[in-house]
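Student: Sequence isn't available, so here's the structure alone:
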Ligand SMILES: NC(=O)C1=CN([C@@H]2O[C@H](COP(=O)(O)OP(=O)(O)OC[C@H]3O[C@@H](n4cnc5c(N)ncnc54)[C@H](O)[C@@H]3O)[C@@H](O)[C@H]2O)C=CC1
Ligand SMILES: O=C([O-])CC(=O)C(=O)O
């Protein structure tokens, strides 16, 4: 077992996702079952007491891998020496809102946190933005962290990816483990494009196993609108499934993706697949040696191109909006 614990900072620790996430991190599911962790919890001053309550419960679990918990309302303290930063703290949307409607309310959180990461985090820091609108919040954070490699800033589309796996598995009546090479392209928003033209089930292309009407009229909208459907049903946005996806994202980032498969993550574009450089967009990715790599060489037909372009256009518009707000 490594001696030095990995420092994991979680913002919004007293929120819904925080409550579903922290116990799993402390139990070793984020990085691996032999890696000790030290938690740093960042909250706004009025929620620090609630975070302290969660920390008491974490203590009460006597997790063998948990080597310490620090709670603060100061980003400079929270990110000091951080190896992993999970930026969850932000307002969730309510029924009837799109995630980008949160830009004005939440965007301001991510500049100062990006700067604190730049100034205080460990050299190997890896950042996952969960707070919505996640892609553009990651863009904001990254723009305030010029000394941190762009490849360390990511946003979460793993929940969309998992939703897509689950919907397809149900439709074909197969276990999710039979499905490989699922991709979410673009923005974590209702314009996202879950792609069945490269996904494989038992070695066959998924799009060929389902009828086109289901793909177009049921699968894509169900995955893209799932967050809104959860809000309608629960009266609150997804929390446990979001925490689960954050665990999956970071676990794969650290430990690598399985041979012959890939996953989805929003990473800083290098221009691949015509996505303008610098946008934080979801791609098919593999992870090796702690770095995400975009899967190259996929053929994109007109149906997919139109949908990827629409989602990327929304990311361009969100970037313009945060520029106009002076956030980047
Ligand atoms: N990317 C994704 O797939 C998903 C993203 N989300 C987003 O995650 C975010 C958090 O969701 P919930 O935990 O359900 O919300 P919540 O309202 O239960 O918790 C948010 C927490 O963040 C804290 N917070 C607010 N500003 C902060 C700041 N500047 N620094 C530190 N903490 C701060 C609040 O005090 C609160 O405790 C929302 O923006 C939500 O839309 C939710 C589900 C999936
Ligand atoms: O829909 C929301 O607002 C929360 C979220 O991002 C999701 O569940 O995908």
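Tutor: Nice, thanks for sending it over. Worth saying up front: this structure is predicted, and the values here are computed from it rather than measured. Ligands and ions are numbered 1, 2, ... in the order given.
Student: only C-alpha atoms for contact and neighbour calcs from this point on.
Tutor: Noted.
Student: Give me the distance between the closest residue to ligand 2 within the stretch 101-250 of the chain and residue 190.
Tutor: Taking C-alpha to the nearest ligand atom as the measure, the point where the stretch 101-250 of the chain comes nearest ligand 2 is residue 227, at 3.3 Å. Taking C-alpha to C-alpha, to the nearest Å as the measure, residue 227 falls 9 Å from residue 190.
Student: Could you list the residues of this protein in contact with ligand 2?
Tutor: Proximity of the chain to ligand 2 (C-alpha under 6 Å from any ligand atom) is limited to residues 92, 93, 99, 227, 228, 237, 238.
Student: possible to save the residues you listed as a markdown table with pLDDT, neighbour count and secondary structure?
Tutor: Listed next are the residues of the chain next to ligand 2 as a markdown table, based on pLDDT from 0 to 100; neighbours: other C-alpha atoms under 10 Å; DSSP: H, G, I helix; E, B strand; the rest coil:
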| residue | pLDDT | neighbour count | secondary structure |
| --- | --- | --- | --- |
| 92 | 92 | 19 | coil |
| 93 | 89 | 19 | coil |
| 99 | 89 | 19 | helix |
| 227 | 97 | 25 | helix |
| 228 | 97 | 24 | helix |
| 237 | 95 | 21 | coil |
| 238 | 97 | 19 | coil |
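Student: what are the ranges of the strands in the stretch 1-150 of the chain?
Tutor: Secondary structure of the stretch 1-150 of the chain (DSSP state E, counting those that start in this stretch): strands at 6-11, 37-42, 66-72, 84-87, 126-129.
Student: Ok, the stretch 151-300 of the chain next?
Tutor: 153-155, 179-180, 183-185, 193-195, 200-201, 204-205, 263-268, 280-288, 291-294.
Student: Mean neighbour count for the ones you listed - can I get that in JSON lines?
Tutor: Output for these, formatted as JSON lines (neighbours: other C-alpha atoms under 10 Å):
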{"stretch": "strand 153-155", "mean neighbour count": "29"}
{"stretch": "strand 179-180", "mean neighbour count": "22"}
{"stretch": "strand 183-185", "mean neighbour count": "28"}
{"stretch": "strand 193-195", "mean neighbour count": "26"}
{"stretch": "strand 200-201", "mean neighbour count": "22"}
{"stretch": "strand 204-205", "mean neighbour count": "15"}
{"stretch": "strand 263-268", "mean neighbour count": "29"}
{"stretch": "strand 280-288", "mean neighbour count": "26"}
{"stretch": "strand 291-294", "mean neighbour count": "19"}
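Student: want to try a markdown table for the ones you listed, with mean pLDDT as columns?
Tutor: Converted to a markdown table, those look like this (pLDDT from 0 to 100):
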| stretch | mean pLDDT |
| --- | --- |
| strand 153-155 | 98 |
| strand 179-180 | 98 |
| strand 183-185 | 99 |
| strand 193-195 | 98 |
| strand 200-201 | 98 |
| strand 204-205 | 98 |
| strand 263-268 | 98 |
| strand 280-288 | 98 |
| strand 291-294 | 98 |
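Student: Looking at these, spot the one closest to ligand 1.
Tutor: Per C-alpha to the nearest ligand atom, nearest to ligand 1 of the strands of the stretch 151-300 of the chain: strand 153-155, 6.8 Å.
Student: my guess is the residue of the stretch 101-250 of the chain closest to ligand 2 meets residue 238, correct?
Tutor: Yes. Judged on C-alpha atoms under 8 Å, residue 227 makes contact with residue 238 at a distance of 6.7 Å.
Student: Which residues lie in contact with residue 270 in this structure?
Tutor: Listed by C-alpha atoms under 8 Å, 6 or more residues apart in numbering, the contact set of residue 270 reads 276, 277, 278.
Student: Adding mean neighbour count, mean pLDDT and distance to residue 168, write the strands of the stretch 1-150 of the chain out as a markdown table.
Tutor: Compiled in a markdown table, those are given as follows (neighbours: other C-alpha atoms under 10 Å; pLDDT from 0 to 100; distance: least, C-alpha to C-alpha, whole Å):
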| stretch | mean neighbour count | mean pLDDT | distance to residue 168 |
| --- | --- | --- | --- |
| strand 6-11 | 26 | 98 | 32 |
| strand 37-42 | 25 | 98 | 35 |
| strand 66-72 | 18 | 98 | 37 |
| strand 84-87 | 26 | 98 | 29 |
| strand 126-129 | 26 | 98 | 26 |
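Student: Much appreciated, bye for now.
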